[in-house]
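Novice: Structure for the following, please:
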Amino acid sequence: MNQTAEVIKFERPVVKADIENGYDRLAHDITDAFTKNPAKLSGCEFQIIFAIIGKTYRWQKKSDWIANSQLCEKTGMLKGHVSKVIKSLIAKNVIVKKGKEIGLNAIVSEWGVVQKSPKVTQSGNNKKLPNRITEVTQLETKVTQSDNNSYPITPPQKKKETNLSLPTCLNLETWESWIDYRDEIKKPYKLTSAKTLLKEISKWGQSGISPEQVINHSIMNGYQGLFPDKFKPTGNFKVQPENFQAKDYGQSTFAPQELTHD
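Specialist: Numbers count the residues shown, from 1 in each chain. Predicted structure coming up:
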């Protein structure tokens with residue numbers, strides 16, 4: 001029996017640019033700077049730039065409060081990618097951010113001059129603090145003088161490097177997107193809160209709930225927290241069996257006694 005396949009051709013809609021449908025006013029110096037590309041802009045960076053122009057210059061504004069979700073809608077890019085591209089453009093001085101507003105840097109001679117952000121290092125070595133989450137600890141020592149009196153001495157506070165391990169159900173890009181979003185709304189996480197959240201996210205993954213969907217849903221709707229109850233388990237995640245043999249339960253101090261018969 002011969003089977004034939006029907007080929008369906010989809011016609012691509014014709015879109016013709018016409019100034020009667022609207023146009024953007026750009027200074028010649030800006031378009032010339034785009035042509036020479038002194039900042040070595042990538043394709044994704046050009047997408048974000050023109051999306052920002054559409055939200056500012058098109059409405060006779062130099063800057064405006066533009067949410068990442070709006071840039072995602074215009075460019076079709078993921079929020080995590082949008083956030084990284086914006087940081088790159090700010091570092092290259094192509095766009096400027098003042099408070100919550102963002103816009104194109106009209107001083108085109110500054111494009112491509114990379115700004116160096118201050119590095120936070122640990123005393124004694126040059127290691128960056130990962131995930132921008134630090135813990136401040138105080139060390140207390142005692143000094144015994146000749147009269148055997150002990151006086152507590154509190155040295156200056158030190159920042160120690162702290163590593164966070166992500167569960168297998170959560171990818172790094174989604175986690176960084178959530179941390180960036182919390183920073184933008186002035187609600188950064190502390191170390192203890194981040195550890196607790198990651199434990200909860202691990203439980204979501206084991207129950208079949210996608211952490212990526214939960215996080216993206218909260219960012220798109222401007223929520224401050226995560227709400228996994230809004231999603232049903234997809235069955236894509238498998239519950240990992242508990243490895244009791246690998247756990248260290250310590251040694252018992254109970255000493256068994258001999259049984260005696262009367």
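Novice: And the helices in the stretch 1-150 of the chain?
Specialist: Remark: helices assigned in the stretch 1-150 of the chain by DSSP state H, counting those that start in this stretch are 28-36, 43-55, 68-75, 79-91.
Novice: Deepest in the core, which of the ones you listed is it.
Specialist: Scoring the helices of the stretch 1-150 of the chain by mean neighbour count under mean count of other C-beta atoms under 10 Å gives helix 79-91 as the most buried, with a mean of 20. Where C-beta positions appear, they are placed from N, C-alpha and C, glycine not excepted.
Novice: hang on, the earlier thing: show me the one of the helices of the stretch 1-150 of the chain that comes nearest Thr168.
Specialist: helix 79-91 (18.2 Å; C-beta to C-beta).
Novice: Packing partners of the closest one?
Specialist: Helix 79-91 is packed against helix 43-55, helix 68-75, strand 95-98, helix 172-184, helix 211-221, with contacts defined by 3 or more C-beta pairs under 8 Å, 6 or more residues apart in numbering; DSSP states H and E.
Novice: average pLDDT across it?
Specialist: Averaging pLDDT along helix 79-91 gives 91.
Novice: mind putting the helices of the stretch 1-150 of the chain in JSON lines, distance to Lys203 included?
Specialist: As requested, the helices of the stretch 1-150 of the chain are arranged in JSON lines below (distance: least, C-beta to C-beta, whole Å):
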{"stretch": "helix 28-36", "distance to Lys203": "48"}
{"stretch": "helix 43-55", "distance to Lys203": "35"}
{"stretch": "helix 68-75", "distance to Lys203": "27"}
{"stretch": "helix 79-91", "distance to Lys203": "23"}
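Novice: of the ones you listed, which approaches Phe231 most closely?
Specialist: Comparison of the helices of the stretch 1-150 of the chain against Phe231 by C-beta to C-beta identifies helix 79-91 as nearest, at 17.6 Å.
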